[in-house]
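In: 3D model of this:
(chains A and B)
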Protein chains: 2
Amino acid sequence: MTIITDPQDMQQDAIKSFGQKTVGFVPTMGALHEGHLSLIRKSKQDNDKTIVSIFLNPTQFGENEDLSNYPSVIEEDIKKLEGLEVDTLFLPNKKDIYPETFATFVTVEGITNKLCGLSRPVHFRGVSTICTKLFLLTLPTVSYFGQKDYQQSLVIRRLVKDLNISTQIEVLPIIRDADGLALSSRNVYLSANERVESLKLNQTITQAENLVRHGEKEAHAIKTFIKEDLSKSSLIKIDYISICHPETLEELTVIGNHVLIAVAIYIGSTRLIDNCLLSK
Amino acid sequence: MTIITDPQDMQQDAIKSFGQKTVGFVPTMGALHEGHLSLIRKSKQDNDKTIVSIFLNPTQFGENEDLSNYPSVIEEDIKKLEGLEVDTLFLPNKKDIYPETFATFVTVEGITNKLCGLSRPVHFRGVSTICTKLFLLTLPTVSYFGQKDYQQSLVIRRLVKDLNISTQIEVLPIIRDADGLALSSRNVYLSANERVESLKLNQTITQAENLVRHGEKEAHAIKTFIKEDLSKSSLIKIDYISICHPETLEELTVIGNHVLIAVAIYIGSTRLIDNCLLSK
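Out: Numbers count the residues shown, from 1 in each chain, chains lettered A, B, ... in the order given. Now for the predicted structure:
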C-alpha cells in the first residue's frame, strides 16, 4: 500500500489513473470499523484501484462537539487497510488541507437545514467542502458512503451533481454489531451501561418500520410511538425523530411509497444516529 | 469549431483530452470584445486546444441588476470565435447548468466582502459557483481571466487553490479603447454623452497612479484626489474608491510596495469598474 500525505502528490498520482483505470474512493476520518471496511471491500471488488483517505476534518465539527476526543488509531487503521490490499492511503495533514489562507466553502442549501443540520449547523458545510476537495484530489470513478449517515450521502449526491464533479456515488447498507447497534467510530465513547441502552435506538426504529410495513400511514403516530418507546430509557435524550421523504427530507404527514425514518439521540454526551429507508 | 451545448458531452470531451493535451479555457458571458479576444489569442498561443464558454450566468446578478438587459449577440460572437480558430465553444442552456433541484454554492470568504462585493452581495458567490462548474466540465490546464475584473481573478485564484481544482489561472492586462476606456460588454449601455464622461474613470486612476509613482504614500490623499477629480463630472456617481493590498484587498493607510487602486462608478444606470496594479 502506498501512503501519500502531500495533496499535490495525491492529485498528480490521481491524474495518471484518470480515464485509464477505474478508481474507487472511500473517504474516512479513521477509527475504521466494519462499516468502513464493507465500503472498501466493495470498492476493491468493483474497481482497478482503491484509494482510502483518513482525515479528521475539523470544519465539520461544531465548537462544542467531539473533535478533540474523536478516536485516533492510525496504526491499527493502516494494518486493516493493508489487510484489505488497499492500493493507496491518502493521509494528509491539516495544514496542507486547510492552509492559513483557506477561505472557500461549499454549501448545499435546503436538505442541510433539516435533521442533523439543525443540531449541527456547520456540519454539512464542512462535509461538503472536504468531500469536494478529496474528490478533486483523488479523481475517483466511484466514491463509497454508508447509509448510516443517510443525510450526508444525500448532500454528497447533490453537490456532486450540482458542481459537475466527475464521480459516481454509491451508498452501501448500514453495518451493525451482532446485537443490532449501527457501527460508528463514536460507539467507543459509550460506557457498558450506555452500550446496553443504545440498543434501544435500532430496536425502536425496527418496530416503527414494522408498524409502517403493517399499514400505519400516519407519520404522527409513528413519531409518537418512537418518542414514547425511547423515553422508556432514562439514559436517552432525543435529538430528533424524522419521518420524511428520502429525497427532499421534507417531513411527511401521510406516509407514501417512500419514507425515511431517521432518529438521533444522545446517550450521556454521545450522539448516535440510525435510520431505516422503506420503499414499497 | 465544435459547439457543445450539453454539459455531460462537454465533460466527456474534456476527459478525453485531460492529461493528454494542454487545454486553455476562457469563460465568458458573451458579447465578446477585444478584452475577451486577447485572452483567447493567448490561450491559442500557449495550448494544444482552446475552449471558450458563453453562458450568461444568472446567479452572479443581483435582483436589481442588469441580467435582463445584458447584451447578447451570439451570432457575432460565434463569428469572432471561428475567426480565432477556437477549437470548442461550450454554449450550455440555463436549465442544464442550473436544473430545478440545484442547491449547491461555492463561497469565498474575506476578499469577497470588499470592493465590488459590498455593492453586489451575491455576485461572487455566483461567479465562484459557475467557475467551479465550468472548470470541472472543461478540465482546463490553464484558465484565462482579465485584470479589469481584478477582484474576480483573486477570488478565482483562491477557490481553485482551496478546492484543489486542477487548473492554472492566468490573468492578462486590461484592454482599452484607443481613448483609454477599459473594454466591457456593459459599455454599450452608455449614451454618447456618458461615453465621453466615462473616460474620466481611467484618466483619474492614471493621475492617481502618477501621484503614487512620484512618492505619495498616504492612501487618504490619493482617495481624496480621486474623489474630487471624479466629482467634477455631474454624470458620475462614485460606488467605491479603494487603495488596498493586492492580495488581501485590505484598505491601506500607508502605500507600500504593492498597491491596487480600484474604482467603481455609476454613469446613469451603468456601473463601470477600472483599476491599476502598482508594484515597486
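
In: Run through the residues of chain A sitting next to chain B.
Out: Within chain A, the positions near chain B by CB under 8 Å from any CB of the partner chain are A:7, A:11, A:15-16, A:18-19, A:101-111, A:128-129, A:132-133, A:136-137, A:158-159, A:162-166. (Each C-beta comes from the backbone N, C-alpha and C, glycine too.)

In: ok, now which ones touch whichever residue of the stretch 1-150 of chain A sits closest to chain B?
Out: Per CB to the nearest CB, A:Thr104 is where the stretch 1-150 of chain A lies closest to chain B, at 3.5 Å. A:Thr104 makes contacts with A:Thr129, B:Val106, B:Thr107, B:Val108, B:Glu109, B:Ser128, B:Arg158, B:Leu159, B:Asp162, B:Leu163, as judged by CB atoms under 8 Å, 6 or more residues apart in numbering or on different chains.

In: Report the buried members of these.
Out: A:Thr129, B:Val106, B:Thr107, B:Val108, B:Ser128, B:Arg158, B:Leu159, B:Asp162, B:Leu163 (16 or more other CB atoms under 10 Å in any protein chain shown).

In: out of the residues you listed, which one sits closest to B:Thr28?
Out: Relative to B:Thr28, the closest of the buried ones among the contacts of A:Thr104 is B:Ser128; by CB to CB it sits at 16.5 Å.

In: what's the burial count for A:Glu65?
Out: 15 (other CB atoms under 10 Å in any protein chain shown).

In: What does the closest residue to it other than its chain neighbours show for phi and psi?
Out: With sequence-adjacent residues excluded and distances taken as CB to CB, 6 or more residues apart in numbering or on different chains, A:Glu65 is closest to A:Arg120, at 7.3 Å. Dihedral angles of A:Arg120 (phi, psi; degrees, to the nearest 10) stand at phi -130, psi 70.

In: so what's the residue nearest the centre of chain A up against?
Out: The residue lying closest to the centre of chain A (CA atoms, centre = their mean) is A:Asp149, at 3.4 Å. Applying CB under 8 Å, 6+ apart to A:Asp149 gives the contacts A:Ile273.

In: average pLDDT across stretch A:18-28?
Out: For stretch A:18-28, mean pLDDT is 95.

In: Would you mark the buried spots in that stretch?
Out: For stretch A:18-28, by 16+ other CB under 10 Å, it's A:Phe18, A:Gly19, A:Thr22, A:Val23, A:Gly24, A:Phe25, A:Val26, A:Pro27, A:Thr28.

In: any chance of these in TSV, plus distance to A:Ser43 and secondary structure?
Out: Below are the buried residues of stretch A:18-28 laid out as TSV (distance: CB to CB, whole Å; DSSP: H, G, I helix; E, B strand; the rest coil):
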residue	distance to A:Ser43	secondary structure
A:Phe18	16	coil
A:Gly19	18	coil
A:Thr22	10	coil
A:Val23	9	strand
A:Gly24	3	strand
A:Phe25	7	strand
A:Val26	6	strand
A:Pro27	11	strand
A:Thr28	12	strand
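
In: For chain A, which segments are assigned as helices?
Out: A:7-17, A:34-46, A:74-83, A:94-97, A:116-119, A:123-138, A:150-162, A:192-213, A:219-231 (DSSP state H).

In: and among these, the most buried is which?
Out: With neighbours defined as mean count of other CB atoms under 10 Å in any protein chain shown, these peak in mean count at helix A:123-138, which reaches a mean of 24.

In: My understanding was that the residue nearest to A:Glu65 contacts A:Asn64; is that so?
Out: No. Applying CB atoms under 8 Å as the test, A:Arg120 and A:Asn64 come out as separate, 10.3 Å apart.

In: and these two? which has more neighbours close in?
Out: For A:Arg120 versus A:Asn64, the count of surrounding residues by other CB under 10 Å is larger for A:Arg120: 21 against 6.

In: Quick check: that one vs A:Cys276, distance?
Out: 21 Å (CB to CB, to the nearest Å).

In: what do you get for A:Asp46?
Out: Here A:Asp46 is placed at a distance of 26 Å from A:Cys276 (CB to CB).

In: Kindly report the same for A:Lys148.
Out: Relative to A:Cys276, A:Lys148 is positioned 11 Å away (CB to CB).

In: my guess is A:Arg271 contacts A:Ile238, does it?
Out: No. A:Arg271 lies out of contact with A:Ile238 (CB under 8 Å); the separation is 11.2 Å.

In: Settle it for me: which of the two has more neighbours?
Out: Neighbour count, other CB under 10 Å: between A:Arg271 and A:Ile238, A:Arg271 has more, with 19 against 13.

In: For that one, give the beta-bridge partners.
Out: A:Tyr266 (DSSP bridges).

In: for A:Thr2, same thing?
Out: Beta bridges link A:Thr2 to A:Thr88, judged by DSSP bridges.

In: Can you give me the pLDDT of it?
Out: 98.

In: just A:Gly62 next, same as before
Out: pLDDT, A:Gly62: 95.

In: residue ranges with poor pLDDT in chain A?
Out: When residues are selected by pLDDT under 70, none of them lie in chain A.

In: Who are the contact partners of the residue lying closest to the residue of the stretch 1-150 of chain A closest to chain B once chain neighbours are set aside?
Out: Excluding its sequence neighbours, the residue lying closest to A:Thr104 (CB to CB, 6+ apart) is B:Asp162, at 3.5 Å. B:Asp162 makes contacts with A:Phe102, A:Ala103, A:Thr104, A:Lys133, B:Val108, as judged by CB under 8 Å, 6+ apart.

In: Out of those residues, give me the two with the largest separation.
Out: A:Lys133 and B:Val108 (14.1 Å).

In: Return the distance of the residue of chain A most remote from its centre relative to chain B.
Out: The C-alpha centroid of chain A is most remote from A:Gly215, which lies 29.9 Å away (CA atoms, centre = their mean). Going from A:Gly215 to chain B by CB to the nearest CB, to the nearest Å gives 31 Å.

In: and if you look at A:Gln151?
Out: A:Gln151 is 13 Å from chain B, by CB to the nearest CB.

In: does A:Leu115 really touch A:Ala264, like I thought?
Out: Yes. At 7.3 Å, A:Leu115 counts as touching A:Ala264 under the criterion of CB under 8 Å.

In: Stretch A:63-81: how far from the chain's middle?
Out: Relative to its chain's centre, stretch A:63-81 lies at 15 Å (CA atoms, centre = their mean, to the nearest Å).

In: now do stretch A:92-102
Out: 23 Å.

In: just stretch A:47-64 next, same as before
Out: Distance, centroid of stretch A:47-64 to centroid of chain: 10 Å (CA atoms, centre = their mean).

In: Same question for stretch A:252-272.
Out: 15 Å.

In: And stretch A:127-145, by the same measure?
Out: So, by CA atoms, centre = their mean, the centroid of stretch A:127-145 is 13 Å from its chain's centroid.

In: Following the record's annotation, map out the domains of chain A.
Out: A:2-172, A:185-275 (automatic domain parsing).

In: and stretch A:159-167, how far apart are its ends?
Out: With CA to CA, to the nearest Å applied, stretch A:159-167 spans 11 Å between its terminal residues.

In: picking up where we left off before, and the buried residues of stretch A:18-28, which two are furthest apart?
Out: Farthest-apart pair in these is A:Gly19 and A:Thr28; separation 25.3 Å (CB to CB).

In: Would you agree A:Ile243 is in contact with A:Lys217?
Out: No. Judged on CB under 8 Å, A:Ile243 makes no contact with A:Lys217 at a distance of 10.6 Å.

In: Settle it for me: which of A:Lys148 and A:Cys276 has more neighbours?
Out: Between A:Lys148 and A:Cys276, counting by other CB under 10 Å, A:Lys148 is the more crowded of the two (21 against 18).

In: which residues does the nearest residue to A:Ile265 once chain neighbours are set aside bridge with?
Out: With sequence-adjacent residues excluded and distances taken as CB to CB, 6+ apart, A:Ile265 is closest to A:Ile236, at 5.1 Å. With DSSP bridges applied, the residues forming beta bridges to A:Ile236 are A:Ile267.
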